[in-house]
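J.: Predicted structure and sequence below. I'll ask about it afterward.
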Amino acid sequence: MTPRVPEVRETIDIEGESVVLLREGVSIAFYIRAPHEEIAPALWRALERYRQAIQPRQLGWYVNYSGDWQPLDAEGEAFLRTRLLGSSAFLEVRARPDSVTGIAFHYRGQGSALLDFRKDFPHTICAVEFWLPIECLKDPGAEWIRALALDLGRELPWSSGHAGLSLEVGAWIQSLTPLLREKTLRHPGFDLPRMKKLALYLGSQVRPPAWLTFLGPPVLAELGGAEGLRSRLTSPTTTVQALSEDRVVVSLGPVPEAGDLEAGDTLPHYRELARVLEPWLYAHPYDWGGFSKEEVRRWERRFL
C-alpha cells in the first residue's frame, strides 16, 4: 500500500538552477536523555547503518566549526567521526548544501562536563534525526522504512522518538511562513522538526503522535507499560509492539498519513494517541521560525 501524500514544494531559480527550499519527506528522530559521551559509539553505528541503507544516495556536505558548508571528502569524513565521537557534538550533514533533497542527518548533543550549560538548560537532551526522500514510501516502501527506523533506534537508549511524514526546510525564510502555516494546519500528519530547540527544552516530555511513535522511560512506565498503553488504544489500525521491557513502538496504521482537514480526514487514530499522551506532550514556550508563540502552541496541539 502506497499512501497518497500531498506535494509540498517551494523552489527558487538561481542562475538557471532550481533550488528546493522546502519539500515533503520522511523523518526518523530519537530523543535521548543520556549525556553525549555515553551514546556516541552507538550514534556512529546508527549513522553508518543509515548511510548504507540510503545507497546509492549519499550524504555529500557537512557544516564545519565555522558554520560553513564543506564537501564530505576524506577530510570531511575524519571531521565527522572526530566530531561525533567527541565530548559534545553539533552536526548537520546533507546530500547538497543549497537544496533540500530528503537525504540529511542532524544531531545535537551535550556532554556531562558542561555543568554551566546544563544548569541554564536543565531539560537539555540529545536529539538525532535521519531523513528519507518521500519517494522511499513507494520504493522500497513503508515496511522498509519501518524496519530501518527500528534498526536505527535499536542500540540507542532513547526516551522517545518518532518516524513519519515531515516537511524539510532548508532555510526558513519569511516568504515560506504562509505556505508552512497553511500546510501544517490543513495536513496535521506532517511534522515540522526543529532539532536545535528540542535538544534544549524537550526533557522527558514527548512530541505529538506520528506514524511510528517510540515511547520509553519515564512516560511508558507512567502509562502502565506496554499493556497499560495498549488497553487505552481502541483504533483497529493501531498496534503497540514491545521492543524491550521498558520501550515500545506504536504504529498508527500500515503507512504514514498526512490527513486533510478540508476533506474531513482528521486522523482519528492519531488523535486517540494524542489524548492518551496529553499529560506528557511538549509545549514549546517561545516563538519559532516564522510562527508566533500562539501559532506554535496551536500546531503542537493540533491532534487535541
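T.: Right, received. Where do you want to start? Numbers count the residues shown, from 1 in each chain.
J.: can you give me the strands in the stretch 1-150 of the chain?
T.: Along the stretch 1-150 of the chain, the segments classed as strands by DSSP state E, counting those that start in this stretch run 10-14, 17-32, 61-63, 69-71, 89-94, 104-109, 126-133.
J.: Tell me which other helices or strands the first one touches.
T.: The reference is to strand 10-14. Contact analysis of strand 10-14 by 3 or more CB pairs under 8 Å, 6 or more residues apart in numbering; DSSP states H and E lists strand 17-32 as its packing neighbours. Quick note: C-beta positions are derived from backbone N, CA and C, even for glycine.
J.: Only the buried residues of the strand it packs on, if you could.
T.: For strand 17-32, the buried set under the neighbour-count rule, 16 or more other CB atoms under 10 Å, comprises 20-32.
J.: Which strands or helices does it pack on?
T.: In terms of contacts (3+ CB pairs under 8 Å, 6+ apart), strand 17-32 is packed against strand 10-14, strand 126-133, helix 142-153, strand 160-169.
J.: ok, back up a step: of the buried residues of strand 17-32, just say which sits nearest to Pro178.
T.: Within the buried residues of strand 17-32, distances to Pro178 taken as CB to CB reach their minimum at Leu22, with 11.8 Å.
J.: pLDDT at that closest one, what is it?
T.: pLDDT, the model's per-residue confidence, is 91 for Leu22.
J.: circling back: select, out of the helices and strands packed on strand 17-32, the one closest to Leu59.
T.: Taking CB to CB, strand 126-133 is the member of those nearest to Leu59, at 10.0 Å.
J.: What is the distance between the closest one and the centre of its chain?
T.: Going by CA atoms, centre = their mean, to the nearest Å, the spacing between the C-alpha centre of strand 126-133 and its chain's C-alpha centre is 5 Å.
J.: One more: stretch 293-304?
T.: Its chain's C-alpha centre and that of stretch 293-304 lie 17 Å apart, by CA atoms, centre = their mean.
J.: same check, this time on stretch 289-296
T.: The chain centroid and the centroid of stretch 289-296 are separated by 19 Å, computed with CA atoms, centre = their mean.
J.: Mind listing what's buried along that stretch?
T.: Neighbour-count burial for stretch 289-296, with 16+ other CB under 10 Å as criterion, is recorded at Gly289, Phe291, Glu295, Val296.
J.: average model confidence for stretch 123-135?
T.: Averaging pLDDT along stretch 123-135 yields 93.
J.: Any buried residues in it, and which?
T.: Thr124, Ile125, Cys126, Ala127, Val128, Glu129, Phe130, Trp131, Leu132, Pro133, Ile134.
J.: is it true that Pro209 touches Leu277?
T.: Yes - in this structure, Pro209 sits in contact with Leu277. The criterion is CB atoms under 8 Å, and the distance is 6.9 Å.
J.: picking up where we left off before, kindly reformat the strands of the stretch 1-150 of the chain as a markdown table containing distance to Ser160.
T.: Supplementary listing: the strands of the stretch 1-150 of the chain in a markdown table, determined by distance: least, CB to CB, whole Å:
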| stretch | distance to Ser160 |
| --- | --- |
| strand 10-14 | 30 |
| strand 17-32 | 5 |
| strand 61-63 | 26 |
| strand 69-71 | 31 |
| strand 89-94 | 20 |
| strand 104-109 | 15 |
| strand 126-133 | 10 |
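J.: looking at these, which is closest to Leu243?
T.: When the strands of the stretch 1-150 of the chain are compared (using CB to CB), the closest one is strand 17-32, at 12.2 Å.
J.: Can you list the strands that that closest one pairs with?
T.: Note on strand 17-32: by DSSP bridges, its sheet partners are strand 10-14 (antiparallel), strand 126-133 (antiparallel), strand 160-169 (antiparallel).
J.: Please produce a markdown table containing those strands, extended by distance to Glu143.
T.: A markdown table is the format used below for these (distance: least, CB to CB, whole Å):
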| stretch | distance to Glu143 |
| --- | --- |
| strand 10-14 | 30 |
| strand 126-133 | 13 |
| strand 160-169 | 12 |
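J.: looking at those strands, which is closest to His36?
T.: In this view, those are compared for proximity to His36 by CB to CB, and strand 126-133 is the closest at 5.6 Å.
J.: So which of the strands paired with strand 17-32 is nearest Pro268?
T.: Each of the strands paired with strand 17-32 has some distance to Pro268 by CB to CB; the shortest is strand 160-169, at 16.1 Å.
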